[in-house]
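**Q** here is the input, now give the coordinates:
(3 chains)
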Amino acid sequence: MPTMNIIQAVNNALRIQMAAEPKSIILGEDVGKFGGVFRATSGLYDEFGEERVIDTPLAEAGIIGAAIGMAVYGMRPIPEIQFSDFIFPAFDQIVNELAKFRYRSGGQYPCPVVIRTPVGGGIRGGHYHSQSPEALFIHTPGLKVVIPSNPYDAKGMLLASLRQDDPVLFMEPKKIYRASRGEVPEEDYTVELGKAKVVREGNQVTLIAYGAMVSVIEEAAAKAAEIGISCEVIDLRTLMPFDIETITESVSKNGRAVMVHEAPQTCGFGAEVCTSLYERCMAHLEAPIQRVCGFDTPFPYSLEHEYLPNADRVLGAIRKTLEW
Amino acid sequence: MSAVEVAAVEEEDDLRRVIDDDGKVISGASVPKISDEQLHKLFDTMLMVRIIDDRMMRIQRQGKLGFYMKSLGEEATHLSVFPLRDDDWVYPSYREQGAWFWRGLTIEQFLNQLFGNKHDPTKGRQMPVHHSANWLNCVSISSPVGTQIPQAVGTAMGMKASGTDQVAMTFFGEGTSSTGEFHVGMNFAGVSKAPCVFVIRNNGWAISTGTEKQTAAKSFASKAVGYGMPGIRVDGNDILAVIQVANEAVARARRGEGPTLIECVTYRVEGHSSSDDPSVYRNPAEPEAWGPRDPLNRLRGYLKGKRLWTEGMEKDISDRYNDEISKYLKLAEEHGEPDVETLFDDVYQDLPWHLKEQKEYLLSQARTKNPHLHN
Amino acid sequence: MAEGQSEKSQSSERTVPPPVPTGPAFSYFALDEEAKAHGLFQLLDEDGTFDPANTTRFDKTLSTDLYRGMLWTRLMDKQFMALQRQGTIGFYAETLGQEAASIGSAAALEPQDWLVPALREHGAGLYRGMKFESFVAQLFGNADDVTQGRQMPLHPSDPATRYVNMSSCIATQIPHAVGIAMGIQAIGDGSEVCMGFMGDGATSEGEFHVSMNFAGVRKCPVVMVCQNNQWAISTPGAGQTASETIAVKGLGYGIESLRADGNDILAVYEVSRYAVDKARRGDGPTFIELLTYRVSAHTSSDDPSRYRDESVTEVWRNQRDPLVRMRLFLEKNGWMNEAEHEAMVAQIEMTVRETADRQRNVDMPLLRSIIEDVFETTWWRLEEQLDALEETLSK
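**A** Predicted coordinates:
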């Protein structure tokens, strides 16, 4: 089985989809000849032509608006927003249009648009190449939100997103685009949306994260194991709709949990996860659920390494739940 | 001020016109080929829009309908859809009733949407006049202005990529030309040479904002140059000129020669919507000055000249539509609202766990009485 | 296989400027609106020959200043790009080939005027008096940086010279420039003008459209400068717009629109001066397209050989260099000889080197700076987050 990084896995999934489904069409800034600024669409322009891999003018509202029109017409557009920090000119098209089209037309017009966009910090990108705006979109009914953490899931979940009819915001953790490597089958396969994955089993504290933070909680779990603390590591993978069963089961079992994301803490997705868990496993909890998140500040440049949650901070939170 | 401005419209030489205010063909103007039967149908549709608009606004004023938008004086612009085929697509804004009817929306469907009842094709999900009819390739309307423009272009890009000779047409008001989505949509269409026709209904007013506060450009059509496409100005109250210009733009798009921007110069004779009161912001002499330009009257004059109109004929049409409206209005009021379960449908294709939970919860609660129901 | 895949560049018809209507009888500013937006104003040809029929304002002082500004930009860009390649600076973007467009336009401003930059106007900021030390501190994002390392390099901010802090997001600054001009209109004393910059790609964004429209309707004292360098990362001009020129877009907003050879600093200065003077008189906005070419990559993260024909780039690098043209002009007038030029180069290179050496050794901003300036004062949650961070670090 070949080894791929996330970029290669995404590229591989796109190639499979483009070959299998002639109605698939990729559009975005620099996705054609250049193959995308992160090379996710590399080679696709040569293989599928400029009518199906479209270099658009520099206008995110146009990219998403046009993708909606293509989907309404019966195509399967796969727009790319170069950085999720650049998604906001298209916010209206995503929130007011894409997510509501099926509902507002009484089911007449599903909009199978899969928006791919790199997300998160860790590449020294400052305010505008580092943000994690997922909560804004999870808060938008009608839109599914997916953030894979490894190449296998990236390919399988992208293909799964492309094979169902709801709009999906597919956010790719750019920090681990190349760093995360693993075995990925060449063939076509899907990973079911809405299912979390227990990455590591443990019986004292449940650690929950998604995207680039999964490797951080794995590292924290390993460090905890060295000092005799057993942690269960859960990769949420799909944030809307998220897998309540898996996390409820784990937290009910362990009675302690730490929620980690790099987006700012206040009104971050962790707030929803924690509340849902309190509603379901209050009786099993031995300590308040801890959150380790990005700070409620704009994403910094020079102090990026301090801003991002790391294994030490997660470990601190693990101790806190145990010392409660 | 207004009377002077109105007069100026006639003097502009870049404004395409075919018939004058009395419906007589202007000397030297070429007349689009339209059969007598189609001329009757055009008159029939415009008259129907006027009747239904009048009836709906009256029942809105009686408190039976939450909201309504009339298009008095702008009915001719709707028929820009005249040259479209059934397999072409339309992305309307909220003031093109005639376009929907021309393409086949029935009075029954139209009224059910206004009442958001259980037979509303869109399941009571939006305010009145936000229709959607996928069987007519007429796409769901959004209240924020301009959002449909890049979508129409996307559909046209899809047509081009699929190798069909279909055309997409989208409507919007002149105020919408100030939005970012107008710009990005027009630019995408220009660059991709998408088969898209953009119809601006320049009715002079964006709620309370007059055109001079909307743009400093010499016309809305002139904006087309910045996107590398032709921009054509037409007398939007002259149905024959509207059709002539639409014929050309649609044919051009179908031939693969790219998009066209059409500015229909018309006038919003009444308020923006049932929620508006134009007397606060505009001189009442202005709508009065547009009276002689009434598009229905001009078509009537043209038909008279061709001996295609009689008073009896018009009365028959009016009676027929009035009866039909009365009949379906009563039904639309009686149908009742959609079932409460449907609140959770169509958010996603399937119902996710959290919506299932929310649905079960809602169904377990006592029903809340609809304070807006009047029957 | 895609049709057109074998094409060298989609933009081949756009890479060479159209014929220039020049000569003693040519009076660009008297042309009608359409002609100005389609034409191309030029004063200095590629041999440094000046068309004297058009202007007399370029004396030795102004000409030498303009040249020094361009030279400064080029030399510092070279050194900072080298530091980026060594890993000392996180990111950089050169102005290479566009120095005339950047410097010549901003040079037309007075000290009280505002400059709202895009990515390639840092040289213009320095020309107008931004402190070099402060600029370099921002590149390193260190404790001396007035913005406390909050943004990527090349996002300087200098209120003293009214150089407004920028965003990496394309076109977001255009409405800000118009807003400043509307503010000047509302409460100013009539002496200020705002100049806003953008690239060709930015003209596709909604923000270009909405703010140009505002400027047209409000007739505010703003000069909008588009550096049309023909590439938005990998997207060429033809992929960006179907309009014949960028300048004609201004006509859709009722704004007078000029178009000049962006590699001719005298032409750039002249059109900018015309627009700035007009705005100051209260005669409304102007849109200026400066036709130039991005000889460098988009930024240090880019590799243009993947998407464009670099032989075209070589033509612009070798035959249309804005510095060469201006230096020839200075030499022809006897205003700068070889030795003076060498001295100028040496002085700039030394200043850049010394400043960089100083700034690279300045400490990073204090940890506390991470929670400052989110609001005027912090709130409990931010203090809590800082405490938790310090606690972790102390272990």
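**Q** so who does residue 129 touch?
**A** By default, I'm working from chain A. By Cβ atoms under 8 Å, 6 or more residues apart in numbering or on different chains, the contact list for A:His129 reads A:83, A:85, A:123, C:152, C:168. In this view, the C-beta of every residue, glycine as well, is placed from N, C-alpha and C.
**Q** wait, chain B was what I had in mind.
**A** B:67-69, B:94-95, B:97, B:113-114, B:141 are the contacts of B:Val129 under Cβ under 8 Å, 6+ apart.
**Q** which residues in the stretch 51-200 of chain A form helices?
**A** Listed in chain order, the helices of the stretch 51-200 of chain A (DSSP state H, counting those that start in this stretch) span A:60-72, A:91-92, A:101-104, A:134-138, A:151-162.
**Q** next one: chain C
**A** Using DSSP state H, the helices of chain C run over residues C:33-38, C:60-86, C:99-106, C:122-127, C:132-140, C:173-187, C:206-218, C:237-240, C:265-280, C:310-319, C:322-332, C:338-360, C:380-394.
**Q** pick the most buried one from these.
**A** With neighbours taken as mean count of other Cβ atoms under 10 Å in any protein chain shown, the helices of chain C reach their highest mean count in helix C:99-106, at a mean of 31.
**Q** by how many degrees do that helix and helix C:322-332 diverge?
**A** Angle, helix C:99-106 to helix C:322-332, by axes from the mean of the first three to the mean of the last three Cα atoms, to 10 degrees: 70 degrees.
**Q** rounded mean pLDDT for helix C:99-106, please.
**A** The pLDDT scores in helix C:99-106 average 98.
**Q** got it, and stretch C:284-292?
**A** The average of the pLDDT scores along stretch C:284-292 is 98.
**Q** so how far is that stretch from its chain's centroid?
**A** Taking Cα atoms, centre = their mean, to the nearest Å, one finds stretch C:284-292 lying 12 Å from the centre of the chain it belongs to.
**Q** pretty sure C:Tyr307 sits against C:Ser234.
**A** Yes - using Cβ atoms under 8 Å, C:Tyr307 is in contact with C:Ser234, at 4.0 Å.
**Q** before we move on, the earlier item: so which of the helices of the stretch 51-200 of chain A gets nearest B:Pro338?
**A** Nearest of these to B:Pro338, taken as Cβ to Cβ: helix A:101-104 at 12.4 Å.
**Q** off-centre distance for that closest one?
**A** Its chain's C-alpha centre and that of helix A:101-104 lie 24 Å apart, by Cα atoms, centre = their mean.
**Q** next one: stretch B:284-291
**A** In terms of Cα atoms, centre = their mean, the centre of stretch B:284-291 is set 22 Å apart from its chain centre.
**Q** buried set for that stretch?
**A** B:286-287, B:289-290 (16 or more other Cβ atoms under 10 Å in any protein chain shown).
**Q** of those residues, which belong to strands?
**A** Using DSSP state E, no member of the buried residues of stretch B:284-291 falls in strands.
**Q** now intersect those with the helices, please.
**A** Per DSSP H, these map to helices at B:286-287, B:289.
**Q** can I get those in JSON lines with pLDDT?
**A** Formatted as JSON lines, these follow (pLDDT from 0 to 100):
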{"residue": "B:Glu286", "pLDDT": "93"}
{"residue": "B:Pro287", "pLDDT": "94"}
{"residue": "B:Ala289", "pLDDT": "94"}
